[in-house]
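In: Build me a model:
(chains A, B and C)
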Amino acid sequence: MAGEAEAPPPEETLSFWKREQARLKTLVVVGDTEAWQRDAAFSGLRRVGGVDVSFVKGDSVRACASLVVLSYPELEVVYEDCCMVSLTAPYVSGFLAFREVPFLVDAVRRLREKEPRLVPQVLLVDGNGVLHHRGFGVACHLGVLTDLPCVGVAKKLLQVDGLENDAQHREKIRLLQAGGDSFPLVGGSGTVLGMALKSHDHSSKPLYVSVGHKISLEAAVRLTQGCCRFRIPEPVRQADIRSRDYIRRTLGAPGPPAPAQERSQKAQGPKVCPKGGSKESK
DNA sequence: GCGACAG
DNA sequence: ATCTTGTCGC
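Out: Residues are numbered from 1 along each chain as shown, chains lettered A, B, ... in the order given. Predicted coordinates:
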């Protein structure tokens, strides 16, 4: 009952996926469509969503899809939805959406049904937007399917269209000073595909922000920065934390480890001192 | 054989 | 994505 190895998709499936991306790509809106996006203080923005999919340890099929909504600018979680799912499509670079997006769309649908008032005004997505092989990453895909503004936030540079994580690139990263500093990622065609953003004063690795849907790159970067208490923007970070926590609580420690009358010790005393130190990586 | 490889 | 605790620094 636990998928092991992932079989590479048939060539036929890949070509279908490419056609699907090309079709949906025509529906992407690059640019600000909401009033708050053009406001210097994001006045009017009250809810920012984050999504993520975490996996069960030795399993390539079982996973937890999560959607969280945070208040802005407080960045406090006001909604959480974690759902165990069985992934069908394998992971193939350039086609991440076909593996994860169906479950994220489901989560958005549940939110719209249960708590319409908490539907986020924008979603931060783990992965890329237009910074993609065919200009249609998971953030664009989710944006088009939900019609919600989306921002792609990747932790690693997707080396596409001439973009390279070479010595020159690493040097530009090294030159970033304070949190908020950034530099454009220019593709071979001269197009700005995204921005490398130093999201935290003491983080050596930048975030790679790109437009997903219904937002400009400028607003996307500014919003991402505005959501960062640590390197990873809070909405995505909370979605990640809560989805893996859900997995642990659901099927984390099976059988043996229950020493008789031991009570689970959750949130304890006052500590939780996140080391906002010097080496925030991964 | 070598390098790439979002999550 | 996942494998993983403590340790160093402010």
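In: The helix or strand of chain A with the lowest mean pLDDT packs against which elements?
Out: Ranking every helix and strand in chain A by mean pLDDT, DSSP states H and E puts helix A:167-175 at the bottom, with a mean of 90. Under the contact criterion of 3 or more CB pairs under 8 Å, 6 or more residues apart in numbering; DSSP states H and E, helix A:167-175 touches strand A:192-197. Bear in mind the C-beta positions are built from the backbone N, C-alpha and C, glycine included.
In: Stretch A:18-30: how far from the chain's middle?
Out: Mean-position distance between stretch A:18-30 and its chain equals 19 Å (CA atoms, centre = their mean, to the nearest Å).
In: Can you name the residues in contact with the least confident helix or strand of chain A?
Out: If you take CB atoms under 8 Å, 6 or more residues apart in numbering as the criterion, helix A:167-175 is touched by A:157, A:163, A:183, A:196, A:198, A:204-206.
In: Please apply the same query to stretch A:182-201.
Out: Outside stretch A:182-201, the residues touching it (CB under 8 Å, 6+ apart) are A:128-131, A:152, A:157, A:160-163, A:169, A:172-173, A:176-181, A:206-211, A:217, A:221, A:224-225, A:228, A:230-233, A:276, A:280.
In: of those residues, buried ones?
Out: Buried subset of the contacts of stretch A:182-201 (neighbour count, 16 or more other CB atoms under 10 Å): A:128-131, A:152, A:157, A:160-161, A:163, A:169, A:173, A:176, A:179-181, A:206-211, A:217, A:221, A:224-225, A:228, A:231-233, A:280.
In: Among those, which lie within helices?
Out: For the buried ones among the contacts of stretch A:182-201, the ones inside helices are A:169, A:173, A:217, A:221, A:224-225, with DSSP state H as the criterion.
In: Quickly name whichever of the residues you listed is closest to DNA strand C.
Out: A:T224 (15.9 Å; CB to the nearest atom of the strand).
In: Next step: the contacts of stretch A:182-201 restricted to strands.
Out: A:152, A:207-211 (DSSP state E).
In: now those as a markdown table including pLDDT and distance to A:W17?
Out: Formatted as a markdown table, those follow (pLDDT from 0 to 100; distance: CB to CB, whole Å):
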| residue | pLDDT | distance to A:W17 |
| --- | --- | --- |
| A:G152 | 98 | 18 |
| A:L207 | 96 | 26 |
| A:Y208 | 96 | 22 |
| A:V209 | 97 | 24 |
| A:S210 | 98 | 20 |
| A:V211 | 98 | 21 |
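In: Of all pairs in those residues, which one is the farthest apart?
Out: The span of the ones in strands among the contacts of stretch A:182-201, defined through CB to CB, is set by A:L207 and A:V211 at 13.9 Å.
In: Pass me the low-pLDDT residue ranges in chain A, would you?
Out: A:1-5, A:253-282 (pLDDT under 70).
In: burial of A:G190, as a residue count?
Out: 7 (other CB atoms under 10 Å).
In: for stretch A:17-28, which positions count as buried?
Out: Applying 16+ other CB under 10 Å to stretch A:17-28 flags A:17, A:21, A:24-25, A:28 as buried.
In: One more: stretch A:91-98?
Out: Neighbour-count burial for stretch A:91-98 [16+ other CB under 10 Å]: A:94-98.
In: Run through those and flag the ones next to DNA strand B.
Out: A:94-97 (CB under 7 Å from any atom of the strand).
In: Among the residues you listed, which ones are in strands?
Out: Per DSSP E, the subset of these in strands is empty.
In: ok, so of these, who is nearest A:P10?
Out: A:F95 (12.8 Å).
In: do you know how far the closest residue in space to the closest one that isn't next to it in sequence is from DNA strand B?
Out: Closest residue to A:F95 apart from its sequence neighbours, by CB to CB, 6 or more residues apart in numbering: A:W17 at 5.2 Å. Here the criterion is CB to the nearest atom of the strand, to the nearest Å. By it, A:W17 lies 10 Å from DNA strand B.
In: Quick check: A:W17 is in a helix.
Out: Yes: read with DSSP: H, G, I helix; E, B strand; the rest coil, A:W17 is one of the residues of a helix.
In: tell me the contacts of it?
Out: A:9, A:95, A:98.
In: tell me, how many neighbours does whatever residue of the stretch 101-250 of chain A ends up closest to DNA strand B end up with?
Out: Of all residues in the stretch 101-250 of chain A, A:Q159 sits closest to DNA strand B, with a separation of 2.7 Å (CB to the nearest atom of the strand). As a burial measure, A:Q159 scores 11 neighbours (other CB under 10 Å).
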